[in-house]
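Trainee: sequence and computational prediction follow.
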Amino acid sequence: MPRSKTLTSKLSRPRSSKRLPRRPAARCVAKSAAGASLRAAVPADAAALTEVIRAAYAPYRAQGLALPPVDVGIADEISAYSANVAELNGRVVGGVIYSLQAAKAHLMNLAVDPDASSRGIGRALISAAVDAARIAGHSEIHLGTHKDMTETQAFYRSLGWRLSGQEGNKVTMFLPL
């Protein structure tokens, strides 16, 4: 999977058996392919990230897809889990929320503002989550998406994610680390 050299060099550290803090990338600032800065999210980012999530999922809601409430409780998720945001010209244009706390690392939410799409921001955010999971000692990371979000599934597959199952409208995927 291609990664920004800056992102990889900032986050890659030797593995250890010691569990790292919840936010291993908290001090890390890196650049995506589009020049967006990636940093650890803080609760103050919740409103902006919520708007990005709403904008990113709006086309799917307009198609009538029954999606879970992915834009609810973002401040709580930022506080409880690991999260990164991407900023472009001082504005939050993307974010990823992921859990490293359980036996399995889990990518919980990924969103990029449609006005900032196709610039490598989503790829850089996923890379940050994947690198953090690797540093924390996980051997794979998991996610769930809607079965009708085929473009999203294709994006994940292009990054090496594999289908692991489907139940109802939910498709699950994993990425070996």
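Mentor: Cool, got the structure. Numbers count the residues shown, from 1 in each chain.
Trainee: gap between Ile135 and Gly168?
Mentor: Distance, Ile135 to Gly168, by C-beta to C-beta, to the nearest Å: 34 Å. Backbone N, C-alpha and C define where each C-beta goes, glycine included.
Trainee: give the contact list for Val70.
Mentor: By C-beta atoms under 8 Å, 6 or more residues apart in numbering, the contact set of Val70 is 53, 57, 109, 111.
Trainee: mind running it again at 6 Å?
Mentor: The neighbours of Val70, taking C-beta atoms under 6 Å, 6 or more residues apart in numbering as the test, are 53, 109.
Trainee: and it, how far from Ala154?
Mentor: 19 Å.
Trainee: how far out from the middle of the chain is the longest helix anywhere in the chain?
Mentor: Longest helix of the chain, by residue count under DSSP state H: helix 46-62. Put simply, helix 46-62 sits 14 Å off its chain's centre (C-alpha atoms, centre = their mean, to the nearest Å).
Trainee: list the buried residues of that helix.
Mentor: 46, 48-50, 52-53, 55-57, 60 (16 or more other C-beta atoms under 10 Å).
Trainee: dump the residues you listed to JSON lines, plus distance to Gln101 and pLDDT.
Mentor: Compiled in JSON lines, the buried residues of helix 46-62 are given as follows (distance: C-beta to C-beta, whole Å; pLDDT from 0 to 100):
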{"residue": "Ala46", "distance to Gln101": "19", "pLDDT": "98"}
{"residue": "Ala48", "distance to Gln101": "25", "pLDDT": "98"}
{"residue": "Leu49", "distance to Gln101": "20", "pLDDT": "98"}
{"residue": "Thr50", "distance to Gln101": "22", "pLDDT": "98"}
{"residue": "Val52", "distance to Gln101": "24", "pLDDT": "98"}
{"residue": "Ile53", "distance to Gln101": "21", "pLDDT": "98"}
{"residue": "Ala55", "distance to Gln101": "28", "pLDDT": "98"}
{"residue": "Ala56", "distance to Gln101": "25", "pLDDT": "97"}
{"residue": "Tyr57", "distance to Gln101": "25", "pLDDT": "96"}
{"residue": "Tyr60", "distance to Gln101": "28", "pLDDT": "94"}
